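Q: I'd like to go over a predicted model; first the sequence, then the structure.
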Amino acid sequence: MDIRPLTDGYAVSPQIAAEEATEIAAAGFKTVICNRPDGEVPPEFQADAIRAAVEAAGMTFVVNPVVGGAITPENVSTQGAAIAGQPGPILAYCASGNRSSIVWAMSQAAARPVDELIAVPARYGYNLEPFRPMLEHLSNQ
């Protein structure tokens, strides 16, 4: 498990396995967000399998599948609502953590400086610079 904290209350990770749920809960996470579409993974890594383990470990599970290169306004609003409305800290995962970083940044654009939204994920190798125009647009809404 490779947890990468973007803020005190939000971290991203590459794909998690069901057997890691108790370790995630022991690390203090209260909510897990799945940003990985089921079509990308075999059944043991699909949302229902991970949900069962996460909920059995006492955490909340949110499904918000984000397709690479096709992030929707619904993805952004669902991520933002989960961040605002679910108990934290929150761990969001996808294949590498990149999509979870991008959708986080877009959902937080109205509340945080764009430079910060790009710099924080960059510490983990996530390049959000191509999203700067979109983040700037979202920050002005």
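A: Okay, I see it.

Q: so what's the residue count around residue 64?
A: Close neighbours of residue 64, defined as other C-beta atoms under 10 Å, add up to 25. Where C-beta positions appear, they are placed from N, C-alpha and C, glycine not excepted.

Q: what sits against it?
A: 33, 34, 35, 75, 78, 79, 82, 103 (C-beta atoms under 8 Å, 6 or more residues apart in numbering).

Q: so which of the residues you listed sit within strands?
A: 33, 34 (DSSP state E).

Q: can I get the contacts of residue 64 in CSV with pLDDT, neighbour count and distance to residue 138?
A: CSV is the format used below for those (pLDDT from 0 to 100; neighbours: other C-beta atoms under 10 Å; distance: C-beta to C-beta, whole Å):
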residue, pLDDT, neighbour count, distance to residue 138
33, 98, 26, 19
34, 98, 25, 23
35, 98, 27, 18
75, 95, 20, 13
78, 95, 20, 15
79, 96, 28, 12
82, 94, 22, 17
103, 97, 27, 11
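
Q: dump the contacts of residue 64 into JSON lines; add distance to residue 53 as well.
A: As requested, the contacts of residue 64 are exported to JSON lines (distance: C-beta to C-beta, whole Å):
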{"residue": "33", "distance to residue 53": "15"}
{"residue": "34", "distance to residue 53": "12"}
{"residue": "35", "distance to residue 53": "17"}
{"residue": "75", "distance to residue 53": "23"}
{"residue": "78", "distance to residue 53": "21"}
{"residue": "79", "distance to residue 53": "21"}
{"residue": "82", "distance to residue 53": "18"}
{"residue": "103", "distance to residue 53": "23"}
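
Q: who's in contact with the residue nearest to residue 5 when sequence neighbours are not counted?
A: In this structure, residue 5 finds its nearest non-sequential neighbour in residue 11, 4.3 Å apart by C-beta to C-beta, 6 or more residues apart in numbering. By C-beta under 8 Å, 6+ apart, the contact set of residue 11 is 3, 4, 5, 29, 89, 90, 91, 92.

Q: thanks a lot, see you next time.
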